[in-house]
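Asker: structure for the following, please:
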Amino acid sequence: MVKINGKETKTQGMSLLQYLVQEGYHTERLAVECNEEIVPRSRYAEKILRDGDVLEIVSFVGGG
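Answerer: Purely as a prediction, here's the structure:
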């Protein structure tokens, strides 16, 4: 299981980019941390989610 924003998911084996697209995230407005390390946007496609990974995904929102 992979824990994403506190929820257990069965996404192991999927790339981070695949997961983000599947869930409807806009990748240009995100920060992703995996196992307490920031994942650079350029590595989303090559980062494969593995059993035991812990991710935090934060979306940036503009406003006034």
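
Asker: hmm, who's touching stretch 33-41?
Answerer: The contact list for stretch 33-41 (Cβ atoms under 8 Å, 6 or more residues apart in numbering) reads 16, 27-28, 30-32, 47, 53-58. (C-beta placed from N, C-alpha, C; glycine too.)

Asker: correction: stretch 43-61
Answerer: 1-5, 11-17, 19-20, 25-27, 29-36, 39.

Asker: OK, contacts around Glu28?
Answerer: Counting by Cβ under 8 Å, 6+ apart, Glu28 makes contact with Arg41.

Asker: my guess is Val2 contacts Thr11. True?
Answerer: Yes: under the criterion of Cβ atoms under 8 Å, Val2 makes contact with Thr11 at 4.9 Å.

Asker: tell me, how many residues neighbour Gly24?
Answerer: Residue neighbour count, defined by other Cβ atoms under 10 Å, stands at 6 for Gly24.

Asker: just the pLDDT for the nearest residue to Met1 once chain neighbours are set aside.
Answerer: The shortest distance from Met1 to any non-neighbouring residue, by Cβ to Cβ, 6 or more residues apart in numbering, is to Glu8 (4.6 Å). Looking at Glu8, its pLDDT is 96.

Asker: Glu8 sits in which helix or strand?
Answerer: strand 7-9 (DSSP states H and E).

Asker: each with direction, which strands does that strand pair with?
Answerer: Paired strands of strand 7-9, with direction, are strand 2-4 (antiparallel) (DSSP bridges).

Asker: contacts for the partner strand?
Answerer: 8-12, 19, 49-57.
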